[in-house]
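# I'll drop the sequence and a predicted model, then ask my questions.
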Amino acid sequence: MAMLRPTYNDLMDVANKGIGEDETPVVKSRYSIVIAAAKRARQLVDGAPALVKEEDHEKPLSVAVEELYEGQVKILGEGRADA
């Protein structure tokens with residue numbers, strides 16, 4: 001079985017980058033990553049411009065995961081309104 005890159009842990013690390021030890025992580029589970037990627041993929045399907053270079057025939061979900069991994073899309077914690 002091939003390993004997927006980036007991994008869920010890689011994506012969680014990027015999403016929680018800059019969070020202090022005494023602060024609550026923005027992303028606490030794989031589920032949060034999956035939901036964020038799915039929402040961003042839906043935005044791409046609906047016509048939002050990609051924030052990373054798209055390869056030929058790349059699927060919206062792949063683009064969304066790459067955007068998350070590169071930090072182009074931020075996941076906001078519950079109750080947060082900043083980007």
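Sure, I can see it.

# quick one: pLDDT of the residue positioned nearest the centre of the chain?
Among the residues of the chain, the one closest to the centroid is Leu68, at 3.0 Å (Cα atoms, centre = their mean). Each residue has a pLDDT score; the one for Leu68 is 93.

# repeat for Glu55
77.

# what is the burial count for it?
10 (other Cβ atoms under 10 Å). Yep, even glycine has a C-beta here, placed from its N, CA and C like the rest.

# before we move on, what about the one 3 residues further on?
A count of nearby residues for Glu58, using other Cβ under 10 Å, gives 14.

# let me see the contact set for it.
Contact analysis of Glu58 by Cβ atoms under 8 Å, 6 or more residues apart in numbering lists nothing.

# give the helix, strand or coil label for it.
Secondary structure assignment for Glu58 (DSSP: H, G, I helix; E, B strand; the rest coil): coil.

# how about the one 4 residues further on?
Per three-state DSSP, the local secondary structure of Ser62 is helix.

# where does pLDDT dip in this protein?
Counting by pLDDT under 70, the chain has low-confidence residues at 1-4, 56-57, 77-83.

# where along it do the strands fall?
With strands called from DSSP state E, the chain shows none.

# now do the buried residues in the helix ranked longest in it.
As assigned by DSSP state H, the longest helix anywhere in the chain is helix 30-45. With burial defined by 16 or more other Cβ atoms under 10 Å, the residues of helix 30-45 counted as buried are Ser32, Ile33, Ala36, Ala37, Arg40, Ala41, Gln43, Leu44.
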